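Q: sequence first, then the predicted structure:
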Amino acid sequence: MTNLKTDLQASFTAALPIVLGYVAIGVPCGILCDSIGLNALQVFAMSVLFYSGAGQFMIPNMWLAGTPIASIIASVSFVNTRQMLYSAAFAPHCIGVRKRLAFLFAATVTDESYGVNTLKFEEGGWSVRRALFVNLFSCASWTLSCTVGVLVGNAIGIPLAIASFAMTSIFICLLCTQKANVENVVAAAVAMLGVYVFKLVGLTGPAILLGAVAGVVAALCVSQVRLARSRESAAYEARIEEACVGGEGASKKGGERE
């Protein structure tokens with residue numbers, strides 16, 4: 001019981017920035033869903049089962065724009081494919097963990113919880129159960145905020161531009177908490193440049209996803225190059241050390257002969 005309480009406290013502290021951010025963007029999302037006729041129960045179910053901030057913003061916007069249902073499903077599904085990459089990245093941490101726990105953890109990962117849990121795993125002393133609690137706190141916050149937004153409806157006018165900036169600000173905060181190493185800098189720079197280029201050529205919908213993938217690929221390439229150079233340097237130093245040791249041995253033998 002004590003361990004559970006400790007895990008809950010640690011997870012809530014880690015998830016608090018996400019929780020506050022989800023309140024800021026969940027309420028406008030609920031208001032937007034109300035504008036297309038969704039009731040509180042429908043939004044509650046969608047938030048629990050679907051649980052995608054970007055997707056839940058896309059659905060009412062595309063619906064109001066008269067987009068066909070098939071196109072809405074395809075677009076939202078394509079945008080959410082990134083969740084599979086998030087879950088796969090945590091696979092090494094789930095080794096030896098119960099399958100149900102690992103499945104629930106992988107099924108509730110989002111952009112923000114991925115960033116927080118990745119940092120916590122790197123710091124050490126973090127478990128899959130704590131990471132799951134971060135996901136669940138985030139999910140509960142998002143679900144309640146969206147439901148409240150539907151209940152409030154149009155009584156409170158919140159410009160959607162503010163909501164969009166609130167979502168962006170979450171990613172900025174997560175970016176600022178990352179370690180300033182070469183890979184992270186390359187990933188951020190290439191991702192931002194990629195989003196701009198893709199939007200410039202007309203790929204507005206998948207621009208964020210494609211930009212993020214480009215950033216990750218660039219960071220992985222840089223990481224592999226640095227790792228290869230590090231191995232070459234280590235091998236070169238080992239050869240030099242071996243040559244020095246061999247030279248000292250030959251000198252000793254020559255001295256003994258004299």
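A: That came through fine.

Q: confidence-wise, which helix or strand of this protein is lowest on average?
A: Of all helical and strand segments in the chain, the minimum by mean pLDDT, DSSP states H and E falls on helix 160-176, at a mean of 59.

Q: and after it, which helix or strand comes next?
A: Where DSSP states H and E defines the elements, the next helix or strand beyond helix 160-176 is helix 182-200.

Q: packing partners of that following helix?
A: Where contact means 3 or more CB pairs under 8 Å, 6 or more residues apart in numbering; DSSP states H and E, helix 182-200 is packed against helix 207-257. Bear in mind the C-beta positions are built from the backbone N, C-alpha and C, glycine included.

Q: switch the cut-off to 10 Å
A: Of the remaining helices and strands, those touching helix 182-200 by 3 or more CB pairs under 10 Å, 6 or more residues apart in numbering; DSSP states H and E are helix 160-176, helix 207-257.

Q: and it, C-alpha only, in CSV?
A: In CSV, the C-alpha atoms belonging to helix 182-200 read as follows (Å, rounded to 0.1, in the frame of the first residue of the first chain):
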residue,chain,number,x,y,z
VAL,A,182,23.2,16.8,-30.4
GLU,A,183,20.4,14.3,-31.3
ASN,A,184,17.7,16.3,-29.6
VAL,A,185,18.8,19.5,-31.2
VAL,A,186,18.8,17.9,-34.6
ALA,A,187,15.4,16.3,-34.1
ALA,A,188,13.8,19.6,-33.1
ALA,A,189,15.4,21.6,-35.8
VAL,A,190,14.6,19.1,-38.6
ALA,A,191,11.1,18.6,-37.3
MET,A,192,10.3,22.3,-37.4
LEU,A,193,11.9,22.8,-40.8
GLY,A,194,10.0,19.7,-42.0
VAL,A,195,6.6,21.0,-40.9
TYR,A,196,7.3,24.3,-42.6
VAL,A,197,8.4,22.7,-45.9
PHE,A,198,5.5,20.2,-45.9
LYS,A,199,3.0,23.0,-45.3
LEU,A,200,4.7,25.1,-48.0
